[in-house]
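Visitor: model this:
(4 chains)
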Protein chains: 4
Amino acid sequence: MTDNRKPVFLVIGAGAGIGGHAALRFAAGGYHAVLARRSDGAGLARLVGQIEAAGGSASGTLLNAAEDGAIEELVSRTERDVGPIRCALYNLGAQIGNRSLDQTPHRIFELGWRLATFGVFRLAHALFPAMVERAKTGAHGTLLVTSATAAMRGNSGQHSHAAAMGGRRMLCQTLNAEFAPQGVHVVHVVVDGAVDAPDTLGKLLGDRYETFKANKGPDGIIDPAALAETYWHLAHQPRNCWSHEIDVRPWTDVAWWNDNPDPQIDARGKGFAGPKN
Amino acid sequence: MTDNRKPVFLVIGAGAGIGGHAALRFAAGGYHAVLARRSDGAGLARLVGQIEAAGGSASGTLLNAAEDGAIEELVSRTERDVGPIRCALYNLGAQIGNRSLDQTPHRIFELGWRLATFGVFRLAHALFPAMVERAKTGAHGTLLVTSATAAMRGNSGQHSHAAAMGGRRMLCQTLNAEFAPQGVHVVHVVVDGAVDAPDTLGKLLGDRYETFKANKGPDGIIDPAALAETYWHLAHQPRNCWSHEIDVRPWTDVAWWNDNPDPQIDARGKGFAGPKN
Amino acid sequence: MTDNRKPVFLVIGAGAGIGGHAALRFAAGGYHAVLARRSDGAGLARLVGQIEAAGGSASGTLLNAAEDGAIEELVSRTERDVGPIRCALYNLGAQIGNRSLDQTPHRIFELGWRLATFGVFRLAHALFPAMVERAKTGAHGTLLVTSATAAMRGNSGQHSHAAAMGGRRMLCQTLNAEFAPQGVHVVHVVVDGAVDAPDTLGKLLGDRYETFKANKGPDGIIDPAALAETYWHLAHQPRNCWSHEIDVRPWTDVAWWNDNPDPQIDARGKGFAGPKN
Amino acid sequence: MTDNRKPVFLVIGAGAGIGGHAALRFAAGGYHAVLARRSDGAGLARLVGQIEAAGGSASGTLLNAAEDGAIEELVSRTERDVGPIRCALYNLGAQIGNRSLDQTPHRIFELGWRLATFGVFRLAHALFPAMVERAKTGAHGTLLVTSATAAMRGNSGQHSHAAAMGGRRMLCQTLNAEFAPQGVHVVHVVVDGAVDAPDTLGKLLGDRYETFKANKGPDGIIDPAALAETYWHLAHQPRNCWSHEIDVRPWTDVAWWNDNPDPQIDARGKGFAGPKN
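Guide: Residues are numbered from 1 along each chain as shown, chains lettered A, B, ... in the order given. Coordinates of the predicted model:
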């Protein structure tokens, strides 16, 4: 029995930044976009409206991803009522800014894990059996995971965020090891730079947001529409050529593995660790 | 006011393998060893007895590390009643063997995190303030964390274990970023090979344990006493020369980043991914 | 003074696999493709002919990249006589199969470096000044570097290849650190799987090539045309969202960081390295 | 036929920093130390004299490691005239400070490779056959390789150094993959901080050296004697528990994977790359 409905692009964490732009891009490419976010029904309706105004197909729902059963229910409801989820984007993080250990209470650390690690596990658990079935008939499934520098290295003040994201990265590798040969493709996208996202970065910085962007210079902050193109590309790589991990950052940003450029590099002593002593 | 009591070496996860041997080594070096493990009071008493028979000082306690407040209470009780914790070893993992995603229920995934990631966070949260205070007067503190290959890469069947260990590794890096300059040294030890541990590996393999060891050949499995020497070395590096991460494996083992040696390497196609095409 | 000539896509290492397909893709997108390879002028002419037959613009040249001045001369000749090199693909490797240390003579080790590391350095040295100039007026340049698993980890028998590729990877990171903020984008592409390339893999395997491909199963080997699409995407990311590294492999392949699936995993002892002992 | 001579500790790159202190430590532990360095025969004699004054056994030789046959000749001469090389330390680097690409001529890039990558290959090529033979009778061999942050990531200005060190790291992994199971242990030591080395760092900084050290604060620079203890430990790990890689840095240093601490972290935008947008 063929499913004649449009393939679904499901976004968990659909704000006005990466999530919303990815939904717009996939809807433009023929998917029905299902946008889920925790709050701001008005903002959600606005995003759905923008997609439809552009000729795309979309619907939205509020979702508390940390709640027991919520992700699972969303997946089964979508598969039943909307269409087969061909691609999902897990776009929730657990960024709380930099906090010292004593300013990171147990419940914050746990919430970070719940949103950033456990949520990916729960989504895969709920979604992959159907994706595996469909892959048998040739339609592979994709899980895109927006991740962060904190998945690659711990850094000062990132106790909760780095632990959650590091778990996420290892989980993505484990999921690929089991599911890639079954036709489900997981991509761990390391977003190593600021994204122009009014709902998150904008709120975090408040009044300073415009100054921040101006200071970064031209194209100095990731345009979520540009990142959405990369998401689209990754989700449509033929199965003979799948990427499991990719990084992105603005041209003017220092990659996470680099020192900040520093005219006083000599004075600080980096660069002098060389072996011949 | 000087604390004239012996420095304490606290082991969380003190079985007859790494934990017990580390306790023995640190007690031989002048520490009072506090051994905590979840169950088997008789086995615990036997370990304490062995240390005392060797002329060392030790005490033991049963501990459910996953229980709210248990680690915190152990730390404060030890600091108050036994002595200043100069070095702690977090030696709990969440190894459950290889399980496919559908055989990994939510509660197992959560328990993995609770033991392998959250426990390290809770121990640091409870212990580091006192270590930072003591470091101001010259006695730096050390947290040794026994970790696993799963912290470095996800692998088939390791959904729970890799997610938990990957979080642990990023947490250790974050802890070092904040606390190394305050005199607390965290070492993430990647145990990339089987350890001769009757309480865990022995129980897991049961009857097959002796065959397993025989198949590995001479020195083909890590002797926990050898690893304990490396732990001792790491805990006593002067603060001008601290290691944050180290790996260990038996000489005959394939490192995690290597292929298993395979006479049919040509037939499988690895080694032919080269660029000039 | 505006340069009205077509932008050039320069491929060093243009065989019938990745190099040729990338040239075809970029020519289809409006570039003039310059194909350089060491030998087989007839094969080169055939590739140029295929591109032209598809409506694209291309030219070819034989090049011994290891020869002093050869890359430098090709760059300056191309810039002067053909057009501005907007994107270059360094597609030479140094794959010689697996050889033990005693079967790896000094000159082979040096040749590996000369082709796989030094060649990238020389190309960047010759090409980037012009790219930097053009980037000031808005046209950023791209250097795509086809790389291999050996850039990520050493492996048995890979003395020459891994040393050369590991150097290449660190060089790419250094180039990005200096040149990304000047508008030149370097992408290190880790090809972690066999590529359907008659000129290299095909020749290496000879009679076994068809069997090899059949054994890999459907879509079990990278189609260079698919990889060329990813190259095209990477070369056209807007400068606010640049990737520095990406990996690719067929769906059925084991990623380099994974064990080969092994039914006897218990017997080998991997997966039992866990901490609680 | 038993070799009754003392085991030899061979240092290539024996200046007054890491190399000299390692020689002192191994001589104190019962080895005969052979110190090789490029120039300054008087400094070399002084080091040998210090070791002898401390009751150890040592000899010295001038060596141009980049010269064809020089390393090979040193190995065979030492094995024949002095004793079996049980442990070797390759302590030559290719640090030339930070230089932009256009300030890095071809010959400098090649010299970096020749000293930092090719030299390790040549030493292994010359030395490992004898080590493998001796390992059959129980005396495993060790090759310690002093390496640098540049082996882990490229950084601005490190074109030559990072390419050479990245090649070195992959070579060490390849050597271990082939030789660890034959009883030869290779350790790649990532020295991620400045070392108190008058011959190299001291000369590089000149008048600023004392100010530099003072600015680093107490224990803010690696004491080569401390690092020598870690070398000693690594060389004597029993073969059931070998480390392949370890990092070291002073307590107050930022690890290479971390940002420099920055009070204006918000203004720079790092830490805001999080996924929920």
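Visitor: Tell me which residue of the stretch 1-150 of chain A lies closest to chain D.
Guide: At 2.5 Å from chain D, A:G17 is the closest residue in the stretch 1-150 of chain A, using C-beta to the nearest C-beta. Placement of C-beta: from N, CA and C, glycine included.
Visitor: A:G41: how many residues sit nearby?
Guide: By other C-beta atoms under 10 Å in any protein chain shown, 11 other residues sit near A:G41.
Visitor: And the pLDDT at it?
Guide: If you check A:G41, the pLDDT there is 97.
Visitor: tell me the contacts of it?
Guide: With contact set as C-beta atoms under 8 Å, 6 or more residues apart in numbering or on different chains, A:G41 has these partners: A:60, A:62.
Visitor: Just want the phi and psi numbers for it.
Guide: Note on A:G41: its backbone torsions stand at phi -60, psi -30 [degrees, to the nearest 10].
Visitor: coming back round to it: roughly how far does the residue of the stretch 1-150 of chain A closest to chain D sit from A:I96?
Guide: 17 Å (C-beta to C-beta, to the nearest Å).
Visitor: Who has more neighbours out of these two?
Guide: A:G17 (29 against 19).
Visitor: Quick one: residues contacting the more buried one.
Guide: A:195-201, A:224, D:276-277.
Visitor: Could you rerun that using 10 Å?
Guide: By C-beta atoms under 10 Å, 6 or more residues apart in numbering or on different chains, A:G17 lies in contact with A:91, A:146, A:195-202, A:222-225, A:227-228, D:274-277.
Visitor: out of those, which touch chain C?
Guide: A:195-196, A:222-225, A:227-228 (C-beta under 10 Å from any C-beta of the partner chain).
Visitor: Tell me which two of these sit farthest apart.
Guide: A:D196 and A:A228 (12.0 Å; C-beta to C-beta).
Visitor: Now do the shared contacts for these two.
Guide: In contact with both A:D196 and A:A228: A:17-18, A:21, using C-beta under 10 Å, 6+ apart.
Visitor: Same list, these, but as CSV with distance to D:G56 and secondary structure please.
Guide: Shown next, in CSV, are the shared contacts of A:D196 and A:A228 (distance: C-beta to C-beta, whole Å; DSSP: H, G, I helix; E, B strand; the rest coil):
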residue, distance to D:G56, secondary structure
A:G17, 64, coil
A:I18, 62, helix
A:H21, 67, helix
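Visitor: and of those, the nearest to D:F26?
Guide: A:I18 (55.0 Å).
Visitor: measure that closest one to chain C for me?
Guide: According to C-beta to the nearest C-beta, to the nearest Å, A:I18 stands 11 Å off from chain C.
Visitor: What's the per-residue pLDDT of that residue here?
Guide: pLDDT for A:I18: 97.
Visitor: ok, it touching A:V11?
Guide: Yes - counting by C-beta atoms under 10 Å, A:I18 touches A:V11, with 8.8 Å between them.
Visitor: if I look at those two, which residues touch both of them?
Guide: A:89, A:91, A:144, A:146.
Visitor: Including secondary structure, could those residues go into TSV?
Guide: Shown next, in TSV, are these (DSSP: H, G, I helix; E, B strand; the rest coil):
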residue	secondary structure
A:L89	strand
A:N91	coil
A:L144	strand
A:T146	strand
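Visitor: In these, find the pair that's most separated.
Guide: Across the shared contacts of A:I18 and A:V11, the longest distance by C-beta to C-beta is 8.2 Å; it joins A:N91 and A:L144.
Visitor: which residues are common contacts for those two?
Guide: A:11, A:18, A:22, A:189, A:231.
Visitor: From the residues you listed, pick the one nearest chain C.
Guide: Nearest member of these to chain C, counting by C-beta to the nearest C-beta, is A:V189, at 9.3 Å.
Visitor: Quick one: the strands in the stretch 51-200 of chain A, in order.
Guide: Along the stretch 51-200 of chain A, the segments classed as strands by DSSP state E, counting those that start in this stretch run A:57-62, A:85-90, A:141-148, A:184-191.
Visitor: Put together JSON lines for those strands, with mean pLDDT on each row.
Guide: Formatted as JSON lines, these follow (pLDDT from 0 to 100):
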{"stretch": "strand A:57-62", "mean pLDDT": "98"}
{"stretch": "strand A:85-90", "mean pLDDT": "98"}
{"stretch": "strand A:141-148", "mean pLDDT": "98"}
{"stretch": "strand A:184-191", "mean pLDDT": "98"}
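Visitor: quick one: which of these is nearest chain B?
Guide: With C-beta to the nearest C-beta as the criterion, chain B lies closest to strand A:184-191 of the strands of the stretch 51-200 of chain A, at 9.8 Å.
Visitor: Tell me which other helices or strands that closest one touches.
Guide: Judged by 3 or more C-beta pairs under 10 Å, 6 or more residues apart in numbering or on different chains; DSSP states H and E, the packing partners of strand A:184-191 are strand A:85-90, helix A:119-135, strand A:141-148, helix A:159-179, helix A:224-235, strand A:245-248.
Visitor: Distance to A:E210 and mean neighbour count added to the ones you listed, as JSON lines?
Guide: Formatted as JSON lines, the helices and strands packed on strand A:184-191 follow (distance: least, C-beta to C-beta, whole Å; neighbours: other C-beta atoms under 10 Å in any protein chain shown):
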{"stretch": "strand A:85-90", "distance to A:E210": "28", "mean neighbour count": "26"}
{"stretch": "helix A:119-135", "distance to A:E210": "32", "mean neighbour count": "21"}
{"stretch": "strand A:141-148", "distance to A:E210": "23", "mean neighbour count": "26"}
{"stretch": "helix A:159-179", "distance to A:E210": "25", "mean neighbour count": "30"}
{"stretch": "helix A:224-235", "distance to A:E210": "17", "mean neighbour count": "22"}
{"stretch": "strand A:245-248", "distance to A:E210": "23", "mean neighbour count": "22"}
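Visitor: Make CSV out of those and add distance to D:D247.
Guide: Formatted as CSV, those follow (distance: least, C-beta to C-beta, whole Å):
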stretch, distance to D:D247
strand A:85-90, 32
helix A:119-135, 30
strand A:141-148, 23
helix A:159-179, 18
helix A:224-235, 33
strand A:245-248, 22
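Visitor: Neighbours of the residue nearest to A:R122 when sequence neighbours are not counted, how many?
Guide: Nearest residue to A:R122, sequence neighbours excluded (C-beta to C-beta, 6 or more residues apart in numbering or on different chains): A:I71, at 4.8 Å. Residues near A:I71, counting by other C-beta under 10 Å, number 28.
Visitor: A:Q103 too?
Guide: By other C-beta under 10 Å, 12 other residues sit near A:Q103.
Visitor: How about the one 3 residues further on?
Guide: The number of residues packed around A:H106, counting by other C-beta under 10 Å, is 13.
Visitor: can you pull the contacts of it?
Guide: Applying C-beta under 10 Å, 6+ apart to A:H106 gives the contacts B:68, B:72, B:118, B:121-122, B:125.
Visitor: so A:F9 sits in a helix?
Guide: No - applying three-state DSSP, one finds A:F9 to be strand, outside a helix.
Visitor: quick one, what contacts it?
Guide: By C-beta under 10 Å, 6+ apart, A:F9 lies in contact with A:22-23, A:25-27, A:29-35, A:56-58, A:83, A:85-89, A:142, A:144, A:231-232, A:235.
Visitor: circling back: what would the shared contacts of A:N91 and A:L144 look like in a markdown table with distance to D:T78?
Guide: Listed next are the shared contacts of A:N91 and A:L144 as a markdown table, based on distance: C-beta to C-beta, whole Å:
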| residue | distance to D:T78 |
| --- | --- |
| A:V11 | 65 |
| A:I18 | 60 |
| A:A22 | 63 |
| A:V189 | 52 |
| A:Y231 | 59 |
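Visitor: Now do the same contact list for the residue lying closest to A:L63 once chain neighbours are set aside.
Guide: Once flanking residues are discounted, A:L63 sits nearest to A:A36: 4.1 Å by C-beta to C-beta, 6+ apart. By C-beta under 10 Å, 6+ apart, the residues touching A:A36 are A:10-14, A:19, A:44, A:59-65, A:70-71, A:74, A:78, A:91-92.
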